[in-house]
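**Student:** please find the sequence and the predicted model below.
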Amino acid sequence: MRALSQLKTLLSPELFHKLPPPKALVQATWSRLHGLGHIVRSPFGGTRGIPAPTVTLDGDCRAGCVYLVGAGSGDVELLTLKAARLLQQADAVVYDRLVGDDVLALIPAGHERYYVGKERGHHSVPQAEIGALLVKLAGEGKSVVRLKGGDPGVFGRMGEELAALAEANIDAEIVPGITAASAAAAGMGIPLTDRAHAQQLRFITAQLCRKDGEPDWATLARQDETLIFYMGLTKVDAICTGLRRAGLPDDWPIMLVANASLPEQASLVGTLADMPGKLAESPLPSPCLIVVGSVVRMTETSPVGARAAATSTAAH
Ligand SMILES: C[S@@+](CC[C@H](N)C(=O)[O-])C[C@H]1O[C@@H](n2cnc3c(N)ncnc32)[C@H](O)[C@@H]1O
């Protein structure tokens, strides 16, 4: 409605009354978005008398090229414009488990789509088979989007896919996406780094916290750093114990954020000493991200915290 009254201020009364009703207007804007890879923004968001900025999406989607695209953390509005365009243009889309239905809905009907993610209790499609599928599709002269949750370059096995494409002499491009760490921090209303809290930021795969693959806890136990553990929901106990043994205080802050950026986002905020107990009492679903560091204390005062607070327990 606000957009409509802004539009009214920009057009002559005769022209304004010739406009279709608001719903049709929105649909027309969306159909342009869906159509053609060429969008000119309407004056919706513009300021009175000043033309609104124009976004032109007329990039190509090359036959025989594989685009390794980040789908972001789940919220479809966190998808990049480039990712949305390529999804609408590509002949084939090969996608993973953590890609949401809203994002997949952008693929036009009739375009090829291949699911290569892991079903609950089943194994994922082996990486070599995914590489072979990408090579085959691009080799048939198709434009291919390889769509991955978050950013394809963060714990996304993109290196192996790039190697398979390079070996087969297939052209590739990378389109970054919003990684879960950025989405979780934003959802909880905190920065990942802060002058007063953390001058360093580390992304760690918790898969290392196995019996035979311990991370170097001594190098991780720093008080000037934010640690982000991916794939760590079943390793919370090991992480808390490892960091405490390496010297971080019992009351050092830790936060768990599940389904970051989605309406079902849920979180727990606590300390290294009490988080395993809190998680046992209130289990969180997957996917879940673990944030360790004093930036977590900023959830207590963040003005963004209202939605987050509804699902979290407070830090000490
Ligand atoms: C294989 S990694 C892929 C990471 C992805 N490439 C990224 O940049 O976010 C999967 C892990 O990412 C984290 N993750 C992905 N999406 C998430 C979300 N919406 N909320 C919380 N954690 C998420 C979880 O730790 C999950 O186990």
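**Tutor:** Looks like it came in fine. Values in this document were obtained by computation on a predicted structure and should not be read as measured data.
**Student:** give me the domain ranges for the chain.
**Tutor:** 1-58, 65-175, 180-311 (automatic domain parsing).
**Student:** could you tell me the least trusted of those?
**Tutor:** The stretch with the lowest average pLDDT out of these is domain 1-58, scoring a mean of 47.
**Student:** what's the nearest residue in the chain when you look at the ligand?
**Tutor:** residue 150 (2.0 Å; CB to the nearest ligand atom). Where you see a C-beta, it was placed from the backbone N, CA and C, and this is true even at glycine.
**Student:** can you report phi and psi for that residue?
**Tutor:** phi 70, psi -130 (degrees, to the nearest 10).
**Student:** likewise for residue 149?
**Tutor:** Backbone geometry at residue 149, expressed as degrees, to the nearest 10, gives phi -60, psi 150.
**Student:** which residue ranges of the chain form strands?
**Tutor:** Applying DSSP state E to the chain gives strands spanning 65-70, 92-95, 112-115, 144-148, 171-175, 200-205, 225-230, 253-258, 266-271, 288-292.
**Student:** what is the end-to-end distance of stretch 157-173?
**Tutor:** The first and final residues of stretch 157-173 sit 15 Å from each other (CA to CA, to the nearest Å).
**Student:** ok, now stretch 168-183?
**Tutor:** Chord length of stretch 168-183, first to last residue, is 35 Å (CA to CA).
**Student:** same deal with stretch 174-194?
**Tutor:** With CA to CA, one end of stretch 174-194 sits 29 Å from the other.
**Student:** what comes up buried for that stretch?
**Tutor:** 174-192 (16 or more other CB atoms under 10 Å).
**Student:** same question, stretch 97-113
**Tutor:** Neighbour counts over stretch 97-113 (16+ other CB under 10 Å) mark 98-100, 103-104, 106-107, 111 as buried.
**Student:** residue numbers of the protein in contact with the ligand?
**Tutor:** Within the chain, the positions near the ligand by CB under 6 Å from any ligand atom are 73-74, 98, 148-151, 154-156, 179-180, 183-184, 230-231, 257-261, 287-289.
**Student:** quick revisit: excluding chain neighbours, what is closest to the residue of the chain closest to the ligand?
**Tutor:** Closest residue to residue 150 apart from its sequence neighbours, by CB to CB, 6 or more residues apart in numbering: residue 179 at 4.5 Å.
**Student:** list the contacts of the nearest residue to residue 92 once chain neighbours are set aside.
**Tutor:** Distances taken as CB to CB, 6+ apart put residue 112 closest to residue 92, at 4.0 Å, once the chain neighbours are dropped. With CB atoms under 8 Å, 6 or more residues apart in numbering as the criterion, the residues that contact residue 112 are 91-93, 137, 142.
**Student:** could you count how many residues lie near residue 285?
**Tutor:** Other residues near residue 285 come to 10 when the count uses other CB atoms under 10 Å.
**Student:** list the contacts of the nearest residue to residue 129 once chain neighbours are set aside.
**Tutor:** What sits nearest to residue 129 in space, not counting adjacent residues and going by CB to CB, 6+ apart, is residue 116, at 7.7 Å. Contact analysis of residue 116 by CB under 8 Å, 6+ apart lists 94-96, 124-125, 129-130, 133.
**Student:** likewise for residue 147?
**Tutor:** Applying CB under 8 Å, 6+ apart, the residues contacting residue 147 are 69, 71, 83, 87, 93-96, 99, 103.
**Student:** redo that, cut-off 7 Å
**Tutor:** 69, 71, 93-96, 99 (CB atoms under 7 Å, 6 or more residues apart in numbering).
**Student:** as JSON lines, the residues you listed with distance to residue 251 would be great.
**Tutor:** Below are these laid out as JSON lines (distance: CB to CB, whole Å):
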{"residue": "69", "distance to residue 251": "41"}
{"residue": "71", "distance to residue 251": "37"}
{"residue": "93", "distance to residue 251": "46"}
{"residue": "94", "distance to residue 251": "45"}
{"residue": "95", "distance to residue 251": "42"}
{"residue": "96", "distance to residue 251": "37"}
{"residue": "99", "distance to residue 251": "38"}
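**Student:** closest to residue 298 among those?
**Tutor:** Using CB to CB, residue 71 is the member of the contacts of residue 147 that lies nearest residue 298, at 27.8 Å.
**Student:** and the helices in this structure, which stretches?
**Tutor:** Taking DSSP state H, the helices of the chain run over residues 2-10, 13-17, 22-35, 81-89, 101-104, 127-139, 158-167, 180-187, 217-220, 236-245, 275-281, 305-311.
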